[in-house]
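Participant: Sharing a model that was predicted from the sequence below.
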Amino acid sequence: ENAIALLEAQSLQLLERLRQPFRLDERTLCIGASVGHAFAVQGTGIAPIELLRRADVAMYAAKRSGRMRIVRYDTVLDAAQTAKHQIESELRIAIAAGDFNVVYQPLLAADRVTLTGVEALIRWVSPTLGAIPPERFVPIAEETGLIDRIGLFVLDRACRDAAAWAPLRLAVNVSAAQLRNPEFPEQLGAVLRTTGFSPGRLEIEITETYLVREAETAREVLNAIHALGVTVSLDDFGTGFASIGFLRQFTFDKLKIDRSLVADAEHSASARAMVQASVAVARALDMSVTAEGVETALVRNHLVEAGVHWAQGWLFSPAVPGPALAGALRGLGITTEAPARGRRGCGRGRGARSAARGRRRAGRAGALGRTGVRPARPGADPRSGAAGRCGSGFIGPSRARKIRLGALEHRGLHFWGRSSRLPWKEY
């Protein structure tokens with residue numbers, strides 16, 4: 001115990017000494033260090049090389065926790081390191097085999113509940129570890145340099161899937177590590193060319209952490225992305241460092257309010273005030289606003305009152321695979337193939353023509369008439385695999401004519417809509 005206490009005291013003295021700036025020629029320099037400790041009792045059979053390895057593991061844990069710290073080795077650190085190496089190894093195999101899935105969460109106009117776009121989200125099921133959430137494997141991919149290939153896979157797959165869903169917009173998250181790559185704008189342009197996806201329908205979502213740390217590089221990258229005709233959204237707004245001055249430095253097309261602030265808006269007046277303030281700032285800077293993580297009708301009502309333009313969340317729909325979403329769109333009469341010029345089919349007969357006129361009157365790119373998405377009935381698990389139900393509904397505004405929507409091929413979703421003379425109606 002005395003030896004351990006003495007070593008820790010000496011380590012603290014070393015860190016304090018290294019914190020002091022020093023002169024080198026005409027410059028003043030500051031350095032730091034991270035310290036890892038490992039101990040072994042004599043007679044336990046732990047070899048010196050193993051003791052050194054444990055100290056190394058503890059040192060890297062100190063770096064990850066903020067640097068200029070002291071961390072003592074624990075078996076938990078080894079377990080975490082082993083799991084990390086396993087995930088890294090399996091990520092490399094998954095990249096080579098293309099074993100990732102891309103799912104899509106609908107994005108809706110908050111006031112009309114009109115389907116306007118989708119956000120692409122990556123999913124990965126490891127053959128040995130099972131389903132691993134992105135918040136676990138993406139940081140490992142960033143640390144190991146694998147994120148570039150994974151990010152390009154998502155971009156390519158999403159653009160190919162969504163190419164047939166015009167005029168829906170497509171939002172894709174891009175990692176800060178990807179944006180640090182000076183070749184990213186060129187890679188993005190190559191994806192657009194090879195997939196034939198319209199740049200005007202693509203929206204890149206980035207977080208403010210990257211912008212704060214590398215402002216000049218970020219400005220150049222954002223300008224290059226805009227030059228391609230792609231829009232840029234600031235993701236997770238309300239959880240970091242962004243200020244009005246910060247927002248004015250960069251050219252964003254949209255703010256995306258973080259789900260934690262959206263969830264708090266249901267019960268917190270201060271959270272609702274922050275949402276309203278965010279919307280006011282965005283409007284002053286000519287940006288639209290999206291709220292993510294909308295799970296209750298009350299939250300949606302608060303967001304509409306605050307002036308939020310777009311919304312997404314489980315209130316409307318979970319994320320679904322591309323074929324499921326395509327099947328749902330076909331069930332609504334929305335073609336998933338490139339439409340002939342001048343024709344916008346939505347079923348058959350006068351009801352279909354009326355729906356097409358309703359879409360034209362919407363007058364906004366990306367609006368699909370007055371049709372929106374709702375989750376399955378209360379109690380139904382959208383992940384259970386139960387097929388979406390089919391039914392009939394009122395579409396035509398003049399005669400309220402019933403048309404059969406057909407079987408919805410996706411799971412856990414059904415659609416609803418209204419005409420100019422009829423209330424909202426489930427299908």
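Facilitator: Now that the structure is in, tell me what you want to look at.
Participant: Name the residues of stretch 7-26 that come out as buried.
Facilitator: For stretch 7-26, the neighbour count (16 or more other Cβ atoms under 10 Å) marks Ser11, Leu15 as buried. For every residue, glycine as well, the C-beta is placed using N, CA and C.
Participant: For it, give the mean pLDDT please.
Facilitator: Over the span of stretch 7-26, the pLDDT mean works out to 87.
Participant: contacting residues around that stretch?
Facilitator: Under the contact criterion Cβ atoms under 8 Å, 6 or more residues apart in numbering, stretch 7-26 has outside partners Thr28, Leu29, Cys30, Ile31, Gly32, Ala33, Val35, His37, Met68, Ile70.
Participant: Contact partners for Ile122?
Facilitator: Phe100, Asn101, Val102, Pro134, Val138, Ile150, Val154.
Participant: Any chance you could list what contacts the longest helix seen in the chain?
Facilitator: Longest helix in the chain, counting residues (DSSP state H): helix 75-97. Helix 75-97 has contacts (Cβ under 8 Å, 6+ apart) with 54, 57-58, 60-61, 71, 99-100, 124, 126-129, 132, 136-137, 140-141, 144, 146, 149-150, 153.
Participant: Helix or strand next in line after it, which one?
Facilitator: Going down the chain from helix 75-97, the next helix or strand is strand 100-109, by DSSP states H and E.
Participant: Run through who's touching that next one.
Facilitator: By Cβ under 8 Å, 6+ apart, strand 100-109 touches 94, 114-125, 150, 153-154, 157-158, 161-162, 169, 171, 290, 309-313, 316-322, 325, 364, 367, 372-373.
Participant: Check stretch 145-164 too.
Facilitator: Contacts of stretch 145-164 from elsewhere in the structure, counted by Cβ under 8 Å, 6+ apart, are 88, 91-92, 95, 98, 100, 102, 104, 118, 120, 122, 138, 140-141, 168, 170, 172-175, 177-178, 181, 187-188, 191-192, 194-197, 201-202, 322, 326, 335-338.
Participant: which of the residues in it are buried?
Facilitator: Of the residues in stretch 145-164, 146-148, 150-164 count as buried by neighbour count, 16+ other Cβ under 10 Å.
Participant: same thing with stretch 248-263?
Facilitator: Neighbour-count burial for stretch 248-263 [16+ other Cβ under 10 Å]: Phe250, Thr251, Phe252, Lys254, Leu255, Lys256, Ile257, Asp258, Arg259, Leu261, Val262, Ala263.
Participant: Extract the CA atoms of stretch 18-35 and return them as CSV.
Facilitator: Provided in CSV are the C-alpha atoms of stretch 18-35 (Å, rounded to 0.1, in the frame of the first residue of the first chain):
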residue,chain,number,x,y,z
LEU,A,18,4.9,18.9,-17.1
ARG,A,19,2.1,21.4,-17.0
GLN,A,20,4.5,24.3,-16.6
PRO,A,21,5.3,26.1,-19.8
PHE,A,22,8.9,26.4,-20.9
ARG,A,23,11.0,28.4,-23.4
LEU,A,24,12.6,26.8,-26.4
ASP,A,25,14.6,29.4,-28.4
GLU,A,26,12.0,32.1,-29.1
ARG,A,27,8.9,30.0,-28.3
THR,A,28,7.0,29.2,-25.2
LEU,A,29,5.8,25.5,-25.2
CYS,A,30,3.4,23.5,-23.1
ILE,A,31,3.3,19.8,-23.0
GLY,A,32,1.4,17.2,-20.9
ALA,A,33,1.3,13.5,-20.2
SER,A,34,-1.1,10.7,-19.3
VAL,A,35,0.0,8.1,-16.7
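Participant: could you point out which element follows the strand ranked longest in the chain?
Facilitator: In the chain, assigned by DSSP state E, the strand with the most residues is strand 114-126. Elements were assigned by DSSP H and E; along the chain past strand 114-126, the next helix or strand is strand 130-132.
Participant: Quick one: residues in contact with that following strand.
Facilitator: Ile87, Arg123, Trp124, Val125, Ser126.
Participant: give me that answer again for 6 Å
Facilitator: Trp124, Val125, Ser126 (Cβ atoms under 6 Å, 6 or more residues apart in numbering).
Participant: Ser233: which of those residues is nearest?
Facilitator: Nearest to Ser233, judged by Cβ to Cβ, of these is Trp124 at 23.6 Å.
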